[in-house]
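*Asks:* Fold the stuff below for me.
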Amino acid sequence: MRLGVFVFALFLMLSKDVRQEIFAKKKAFTKKTTIVFLLVQILGAGAVILQNWSIDLVDVLYISFVSALQGVQYLFLFIFSLLFYKVFKEKISKNIVLQKSFAIILILVGLIILYYEKI
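*Replies:* Numbering: from 1, shown residues only. Model (predicted):
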């Protein structure tokens, strides 16, 4: 999955506009934003380690199910973005909520199909 994301990112680099946006000089980070960034990266690395550890602990039949549970993260992200939309400066409209809800339903349907295929 990470390899696919990497290849897709390289594909995006073909666009001149995207390259200019990525490599444009940005304002320097403050100490606070640097600490928050590093903390989030450390937590993300810890999450990957814990996920791989959980896969190691379970029986071979459940590995795909444990991996698929990563899809549930989008549901939590959606809920947090609705609860804290002012903090995250998230634009909320009926159309956006419907689109995100539909996408989450598709993810959950995929997880259900994956789960029942393994039974």
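*Asks:* counting residues per helix, which one in this protein is longest?
*Replies:* Among the segments of the chain that qualify as a helix by DSSP state H, the longest is helix 31-57.
*Asks:* for it, what is the average pLDDT?
*Replies:* Throughout helix 31-57, pLDDT has a mean value of 86.
*Asks:* Just give me how far it sits from the chain centre.
*Replies:* From the chain centre to the centre of helix 31-57 is a distance of 13 Å (C-alpha atoms, centre = their mean, to the nearest Å).
*Asks:* so where is the protein shaky, pLDDT-wise?
*Replies:* Scanning the chain for pLDDT under 70 picks out 1, 60-68, 70-71, 115, 117-119.
*Asks:* Could you chop the protein up by domain?
*Replies:* Domain assignment for the chain by automatic domain parsing gives 12-57, 59-119.
*Asks:* Need those in CSV (columns: mean neighbour count and distance to V5).
*Replies:* Every C-beta, even on glycine, is put in place using the N, C-alpha and C of the backbone. Formatted as CSV, the domains of the chain follow (neighbours: other C-beta atoms under 10 Å; distance: least, C-beta to C-beta, whole Å):
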stretch, mean neighbour count, distance to V5
domain 12-57, 10, 11
domain 59-119, 12, 13
